[in-house]
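*Asks:* kindly generate the corresponding structure for this input.
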Amino acid sequence: MIRIADEVREASAVVALETTLVAHGFPPGEGVAVALESERQVRSAGAVPATIGVLDGEIVVGLTEEELARFTSAARKVGPRDLAVCAAQGAVGATTVGGTLAVARIAGIRWLATGGLGGVHRGFPDPPDVSADLPQLARTPALVVSAGVKSLLDVPATVEVLESLGVPVLGFRVDTLPLFYAAAGGPPVSARVESAAEAAHIARAHWELGGGGLLLGRPPDEPLDDIEPLIEQALRAAREEGIAGPAVTPFVLSYLHRESGGRTERANRDLIAQNARLAGEIAAATA
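*Replies:* Numbering: from 1, shown residues only. All right, here's what the predicted structure looks like:
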């Protein structure tokens, strides 16, 4: 049920990449370009990218460019619970961070790059929505490089849950967790990391002591500090239109891209590429 590309199987430094960003994170047709740029950044850092998704009854670890083009907005959003169903039904499935981590655990991949981690939704327990990314990260020996958690979430509550799950929350050259678009203002991290080599060393030590996943927050190079009011507007619009569950994130992203004049979309592209580069550097440091 799992097909691993030869290049990925033979490499000593591999970075897993998700496909939900391809299918649901950007306007139609633009997600593939973002995915290919992420792969290019991983390679330029000395590692091999393994973009993961579900196609034609298989969970594929290392999608080709032609295969990536099939991940349109019609693709299912696939978390850890959905992998077997999606593969058995022969559907196209775009893996979330949690779904990608579940596959990475089976494939023995220890490094993953994304935009933002899922977490506790604002207003919890109404809705009672907590992303499957969190428990899957806790049980998977992998380090996730991101710009913190998704901008539409309750960041302090998410960090509290991660602490309860035993997941170290690290900051890359910062003392607080980046707030996706913004570099500052988040909760304190459990430790500050100054280099890719140090991050790799900490991760290895964590795993030797029986730990699972780690989160490394990298602040965007060009932060946007005025987006929070737009996020509140987008969430309010989602509630008014009855948008709920997995549909909330793509709705909010589309709203932000439109109302910000494209600034959030450009920021998303940049921070995803930056995170992929750092994940590649960390993976290469352990090869």
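
*Asks:* counting by contacts, list what the longest helix along the chain packs against.
*Replies:* Longest helix in the chain, counting residues (DSSP state H): helix 263-286. Helix 263-286 sits against strand 14-17, helix 31-44, strand 111-113, strand 143-146, helix 196-208, helix 248-259, with contacts defined as 3 or more C-beta pairs under 8 Å, 6 or more residues apart in numbering; DSSP states H and E. The C-beta positions use only the backbone N, C-alpha and C, and glycine is treated the same way.

*Asks:* surely V149 touches R122?
*Replies:* No. In this structure, V149 is not within contact of R122 by C-beta atoms under 8 Å, at 11.2 Å.

*Asks:* between those two, who's got more neighbours?
*Replies:* V149 (30 against 15; other C-beta atoms under 10 Å).

*Asks:* any buried residues in the longest helix of the chain, and which?
*Replies:* 263-265, 267-269, 271-286 (16 or more other C-beta atoms under 10 Å).

*Asks:* repeat that for stretch 152-168.
*Replies:* Quick answer for stretch 152-168 (16+ other C-beta under 10 Å): L152, L153, D154, V155, A157, T158, V159, V161, L162, V167, P168.

*Asks:* how far does it sit from its chain's centre?
*Replies:* Distance, stretch centre to chain centre, for stretch 152-168: 15 Å (C-alpha atoms, centre = their mean, to the nearest Å).

*Asks:* which outside residues touch it?
*Replies:* With contacts defined as C-beta atoms under 8 Å, 6 or more residues apart in numbering, stretch 152-168 is touched by 116-124, 130-131, 134-135, 137-138, 148-149, 169, 177, 179, 186-187, 190-191, 202, 206, 211-215, 231, 234-235, 248-249, 252.

*Asks:* out of the residues you listed, which are buried?
*Replies:* 116-121, 124, 130-131, 134-135, 137-138, 148-149, 169, 177, 179, 186-187, 202, 206, 212-215, 231, 234-235, 248-249, 252.

*Asks:* center of the protein, which residue is that?
*Replies:* The chain has T114 as the residue nearest its centroid, 3.1 Å off, counting by C-alpha atoms, centre = their mean.

*Asks:* just confirm it contacts S146, I think it does.
*Replies:* Yes. In this structure, T114 is within contact of S146 by C-beta under 8 Å, at 5.1 Å.

*Asks:* which residues do those two both contact?
*Replies:* Counting by C-beta under 8 Å, 6+ apart, the residues touching both T114 and S146 are V97, N275.

*Asks:* thinking again about what came up before, specify the angle between the longest helix of the chain and helix 248-259 in degrees.
*Replies:* 120 degrees (axes from the mean of the first three to the mean of the last three C-alpha atoms, to 10 degrees).

*Asks:* before we move on, back to that, from the buried residues of stretch 152-168, which ones fall inside helices?
*Replies:* V155, A157, T158, V159, V161, L162.

*Asks:* what is the nearest of these to R105?
*Replies:* L162 (17.6 Å; C-beta to C-beta).

*Asks:* mind checking how far the closest one is from D154?
*Replies:* The gap separating L162 from D154 is 12 Å, by C-beta to C-beta, to the nearest Å.

*Asks:* also A94?
*Replies:* With C-beta to C-beta as the criterion, A94 and D154 are 24 Å apart.

*Asks:* and if you look at V145?
*Replies:* Distance check for V145 against D154: by C-beta to C-beta, it reads 21 Å.

*Asks:* equivalent analysis for A285, please.
*Replies:* Following C-beta to C-beta, the distance that separates A285 from D154 is 33 Å.

*Asks:* mind listing the strands for the stretch 101-250 of the chain?
*Replies:* In the stretch 101-250 of the chain, the strands defined using DSSP state E, counting those that start in this stretch lie at 111-113, 143-146, 169-172, 191-193, 214-217.

*Asks:* right, so these: which one is the most enclosed?
*Replies:* Comparing those by mean neighbour count (mean count of other C-beta atoms under 10 Å), strand 111-113 comes out on top with a mean of 30.

*Asks:* could you give the mean pLDDT of that one?
*Replies:* Strand 111-113 carries an average pLDDT of 98.

*Asks:* okay, now the sheet partners of that strand, with direction.
*Replies:* Neighbouring strands of strand 111-113 in its sheet, by DSSP bridges, are strand 14-17 (parallel), strand 143-146 (parallel).
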